[in-house]
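A.B. asks: Build me a structure from this.
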Amino acid sequence: MKKFWTLCAALLSVVSVASAQTTMSCCAKPAAGPNATETFAMLASNEDFSGSHDAPLPFRYAGGGEMVEFRTPDGGTSKAFEIKSNTRSDKYLFVIHEWWGLNDYIKQEAARFARELPGTNVIALDLYDGQVATSADEAGKLMQAVKTARAEAIIKGALLHAGPRSRVASIGWCFGGGWSLQTALLAGKQAVGCIVYYGMPEKDVAKLKTLNTDVLMIFPKQDKWINQEVVTEFEKNMKAANKGLTVKAYDADHAFANPSNPKYKKDMAEDAHAASVAYLKKHLQLTTD
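C.D. replies: Here you go, the predicted structure:
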């Protein structure tokens, strides 16, 4: 009889432990899924996505500007390509590279914006910490290797470099398009403008509610990844967040604004650029001719 009660107690113990484990499993907070930029980075594993990005043609930028180094709040440092305004200014444009990295094409774009936005300091950030890809395989690996915490530290470091009184607008393409929106979120009250070229939008409405600026999104209608479904959801989320969004659509494909890409559409790219410059002049409150 004693053995019987001992067996019953043992079985009751097993049942209690199993029940507790089941309760913990049911009630445990689910692991957070990938955020917007991490979701976009996953596209590097998609052969169609990688195959749509031909390696950029050889090009060397020979204009003005210099590489600068600043501290980041994670205890490290970061480098960026900067073109200072000819006059003292607290207005900044943060330029964020495509999945290739901070190459000479991005430096050239930064220089173009510096010419067209006099009175603005232009900084092209480097979220790859000095690495630049020359093939789609390399670019995919670099994009997937980006850690959210490190990228945010680089952006925060750039904001500290610009100073607490700076007014910051951001622009980025592809990988950098998503990070342009994240820059506006991280800049808080300092953010005055944000342009997203075919980048993954933020989906968290609570985060979008903290935006201090409206957003201009450049949308190529033939894009298989940042497609109409993605844009429609972003429009819905921005409306829920009570934030302004302008979507400028083009009958073009992903990376149509990149002159080193075979899918480059010059007329459309120039129109999108003109719209971006007009937006930035308004939001940075630059005097126009």
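A.B. asks: which SSE is the most centrally placed residue in the chain in?
C.D. replies: Residue closest to the average C-alpha location in the chain (Cα atoms, centre = their mean): Trp179, at 1.2 Å. Take DSSP states H and E as the rule and Trp179 turns out to sit in helix 175-187.
A.B. asks: Which secondary structure elements does that helix sit against?
C.D. replies: Applying 3 or more Cβ pairs under 8 Å, 6 or more residues apart in numbering; DSSP states H and E, one finds that helix 175-187 contacts helix 36-41, strand 91-96, helix 148-162, strand 167-173, strand 191-197. C-betas here are computed from N, CA, C, even on glycine.
A.B. asks: tilt between the second one and helix 175-187?
C.D. replies: Using axes from the mean of the first three to the mean of the last three Cα atoms, to 10 degrees, the direction of strand 91-96 lies 140 degrees away from that of helix 175-187.
A.B. asks: returning to what we had before: let's have the helices and strands packed on helix 175-187 in a markdown table, adding distance to Phe256.
C.D. replies: Compiled in a markdown table, the helices and strands packed on helix 175-187 are given as follows (distance: least, Cβ to Cβ, whole Å):
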| stretch | distance to Phe256 |
| --- | --- |
| helix 36-41 | 17 |
| strand 91-96 | 18 |
| helix 148-162 | 25 |
| strand 167-173 | 10 |
| strand 191-197 | 9 |
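A.B. asks: And those: which comes nearest Gly130?
C.D. replies: Closest of the helices and strands packed on helix 175-187 to Gly130 is helix 148-162, at 11.4 Å (criterion: Cβ to Cβ).
A.B. asks: which residues touch the closest one?
C.D. replies: Applying Cβ atoms under 8 Å, 6 or more residues apart in numbering, the set of residues contacting helix 148-162 from outside is 35, 37-38, 68, 70-74, 76-78, 80, 90, 92, 94, 121, 123, 125-127, 129, 166, 168, 179, 182-183, 186-187, 190.
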